[in-house]
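*Asks:* Sequence and predicted structure are below.
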Amino acid sequence: MNYYGAKQVLKNELGGKSVVWVGRSHMNTSEGVPGIAELTGGIGIGVYQKPGIEKSVGRKAEGHPDPLASLSVADDTAGDLQIDIKV
């Protein structure tokens, strides 16, 4: 799916930017499968709801999940940039 999705993004790009709405497992490499960000030369942006934080913030990824492992439900480290939304 990631390969096909990346091909569609690259085929339909008209010289501008593209936003592709996908789940965490497709954004960046997961379970050994390259993510759409890696396949297109883009970045992955994870958006996470965070109860109990003072305000919404964006943060640069300090580390990435193991690219060979599955993501857990609680894993909020996917993406090259993470945006924590106050709820």
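*Replies:* That came through, no problem. Numbers count the residues shown, from 1 in each chain.
*Asks:* check contacts around residue 5.
*Replies:* With contacts defined as C-beta atoms under 8 Å, 6 or more residues apart in numbering, residue 5 is in contact with 20, 22, 26, 36, 39. Placement of C-beta: from N, CA and C, glycine included.
*Asks:* pLDDT at residue 3, what is it?
*Replies:* pLDDT recorded at residue 3 is 86.
*Asks:* Can you give me the distance of it to residue 37?
*Replies:* 13 Å (C-beta to C-beta, to the nearest Å).
*Asks:* Neighbour count: those two, which is higher?
*Replies:* When residue 3 and residue 37 are compared for neighbours, residue 37 comes out ahead with 21 against 11, by other C-beta atoms under 10 Å.
*Asks:* Correct me if wrong: the more buried one contacts residue 26.
*Replies:* No. If you go by C-beta atoms under 8 Å, residue 37 and residue 26 don't touch, sitting 9.2 Å apart.
*Asks:* Could you tell me how many residues sit around the residue nearest to residue 43 when sequence neighbours are not counted?
*Replies:* Distances taken as C-beta to C-beta, 6 or more residues apart in numbering place residue 80 nearest to residue 43, at 4.3 Å, with adjacent residues excluded. Neighbours of residue 80 under the rule other C-beta under 10 Å: 15.
*Asks:* tell me the contacts of residue 80?
*Replies:* 28, 37, 43-45, 60-61.
*Asks:* And the strands in the chain, which stretches?
*Replies:* Counting by DSSP state E, the chain has strands at residues 45-50, 57-60, 81-86.
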